[in-house]
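In: got a sequence here, can you build the structure:
(one chain, ligands or ions: 1)
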Amino acid sequence: MSVRVRIAPSPTGFAHLGTASTALYNVLFARKEGGTFVLRVDDTDTERNRPEYEALIYESLRWLGLDWDEGPDKGGPYAPYRQSERVDLYRQEAARLIKDGKAYRCYCTPEELEAERKQAQLEKRPYRYSRRCLKNPPEGRSVFAVRFQVPGGEVRFTDMIRGEMKFDTDLIGDFIVMKSDGYPVYQFASPVDDAVMKITHVIRGEEHLSNTPYQLMLIDALGYDRPQAYAHMPLILAADGSKLSKRKHPEANLILFRDRGYLPEALLNYLALLGWNPGTTQEIFTFEELLESFSFDRVQHAGARFDWEKLDWLNGEWIRRLSDEELAIRLQAFVPELDLETIRRAVPALKTRLPRLAQAVDYLDYLWKDPSTPALDPETAQRVRSAIEVLRETQWELEPIESALEKAVEQSGVSKGKFYNPLRDLLTGKKVSLPIHYAFALLPKDVALSRLERAA
Ligand code: GLU
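Out: Numbers count the residues shown, from 1 in each chain. Got it, this is the predicted structure:
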């Protein structure tokens, strides 16, 4: 049977790091096994879904190069791939469960259920639904939800990371599969789709480990084949050790990683290392190298803290691996004020300095922003005038500018730092810049000189 895997993000917020890391592991597995990677949109939460979030999921995954074979936008043999368009199927399957005596209509009101829960709390016992509507349903009511009758006993399955898993379902009360509004809950729609779409391996975040026994009971009750295996990947944790979440950690938004100038190659490399140990000291992995080395038996069990410093380091390494031309092209989106030719000239100096592409702006914005002109003390003004003099005679290219400035430093009798700092300040308005000869050469000669002249 050929491998089929899926991710099933919910469009209830931006696509985040967890989405990317789950997608990466699914894609790696699919590509390695020559299988199919499915994108299914879990949009049964009618109140919180937004089409713009669905668009962001596509945009973020495409940016990372984690492309899918089947999905809402692509179609495929198991279309539709949006759960909101599959509600008839869930209704039909719920009706089948009822007909087979495996689920029942539950007419209890939220208040009645709350009262049951409170009573259990009072008696200090774990809450499970009383089965009132199975044994003795109230009469004369028409609003109902569909509740699955948990068969009891054990659910066993293979987890590709944790090995053989065993859950005691006697601890699980009968649970709702269809709400009274006629829509399914995640716990029902997800396994129905996994089964119907012939998913062979369910690879998802560890937060879903406890859902798996619920979902397997449903797959069994409906008489479907189970997926061959599950893999529950370690959680990504924030710096404080809490689980990274869309709501609490807006910085986990994938689009922000793009906009801050992380390379998709670097982020994928980082995410792979976050949950998995290659067993060697290698840290830089291309996607092809990951394909070759990745395996589930080296995935760790514990959650992993997201380390921005390490990501920045990896990103810098990846930036330095790009050819100058490729780097120039990727920088264009970050400095739209500049033409490609100017960016090309800046690249050799930028390459060794950037941890993130967006920081190019800090080095280059003096090219389109005129800095203010500070007052100079007479000595400094004298040195600036001597710089103007040599530069006026200089051919406007990197090397001639560099040697002209060095000559001027020598004649001044002060240190390079002392000579260059005021020049840098007048030219760029900043304390840190590209090497001074680059800072000059990137500006047109007349503009550069006029920034010095008006101060001196
Ligand atoms: N919509 C769920 C999520 O985004 C999917 C979980 C699953 O993979 O089953 O977490």
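
In: so the residue of the stretch 101-250 of the chain found nearest the ligand: helix, strand or coil?
Out: Here the residue of the stretch 101-250 of the chain nearest the ligand is Arg204; by C-beta to the nearest ligand atom that distance is 3.6 Å. All C-beta spots, glycine's among them, are computed from the backbone N, C-alpha and C. Following DSSP: H, G, I helix; E, B strand; the rest coil, the label given to Arg204 is strand.

In: close to the ligand: what parts of the protein are there?
Out: 8-10, 42, 190, 204, 208 (C-beta under 6 Å from any ligand atom).

In: of those residues, which is the most crowded?
Out: Ser190 (25 neighbours; other C-beta atoms under 10 Å).

In: which strands or helices does the helix or strand harbouring that one pack on?
Out: Using DSSP states H and E, Ser190 sits in helix 186-196. Using 3 or more C-beta pairs under 8 Å, 6 or more residues apart in numbering; DSSP states H and E as the contact definition, the elements that helix 186-196 packs against are helix 87-99, strand 175-178, helix 212-221.

In: name the helices or strands packed onto the first one?
Out: Based on contacts counted as 3+ C-beta pairs under 8 Å, 6+ apart, the elements that helix 87-99 packs against are strand 103-106, strand 145-148, strand 175-178, helix 186-196.

In: in it, what counts as buried?
Out: In terms of neighbour count (16 or more other C-beta atoms under 10 Å), helix 87-99 has its buried residues at 87, 89-90, 93-94, 97-98.

In: ok, those residues vs the ligand, which is closest?
Out: Within the buried residues of helix 87-99, the smallest distance to the ligand is 14.6 Å, found for Tyr90 (C-beta to the nearest ligand atom).

In: all strands for the chain, in order.
Out: Ranges of strands within the chain are 4-7, 36-39, 103-106, 145-148, 154-159, 163-168, 175-178, 201-205, 229-233, 236-237, 304-305, based on DSSP state E.

In: now distance to Pro371 and mean pLDDT too, for these, in a markdown table please.
Out: Converted to a markdown table, these look like this (distance: least, C-beta to C-beta, whole Å; pLDDT from 0 to 100):
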| stretch | distance to Pro371 | mean pLDDT |
| --- | --- | --- |
| strand 4-7 | 48 | 98 |
| strand 36-39 | 48 | 98 |
| strand 103-106 | 70 | 98 |
| strand 145-148 | 66 | 98 |
| strand 154-159 | 59 | 96 |
| strand 163-168 | 63 | 96 |
| strand 175-178 | 64 | 98 |
| strand 201-205 | 48 | 97 |
| strand 229-233 | 49 | 97 |
| strand 236-237 | 41 | 94 |
| strand 304-305 | 40 | 94 |
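
In: quick one: closest of the ones you listed to Ala15.
Out: Nearest to Ala15 among the strands of the chain is strand 4-7 (10.1 Å), distances taken as C-beta to C-beta.

In: before we move on, the earlier item: just the strands of the chain: most buried one?
Out: Across the strands of the chain, the average number of neighbours (mean count of other C-beta atoms under 10 Å) peaks for strand 4-7, which reaches a mean of 25.

In: coming back round to it: need the buried residues of helix 87-99 in TSV (columns: pLDDT).
Out: Compiled in TSV, those are given as follows (pLDDT from 0 to 100):
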residue	pLDDT
Val87	98
Leu89	98
Tyr90	98
Glu93	98
Ala94	98
Leu97	98
Ile98	98
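
In: what's in contact with the helix holding Ser190?
Out: By C-beta atoms under 8 Å, 6 or more residues apart in numbering, the surrounding residues in contact with helix 186-196 are 6, 8, 10, 40, 42, 44-45, 78, 83, 86, 89-90, 93-94, 148, 175, 177-178, 184, 199, 202, 211, 214-216, 218-219, 222, 224-227.
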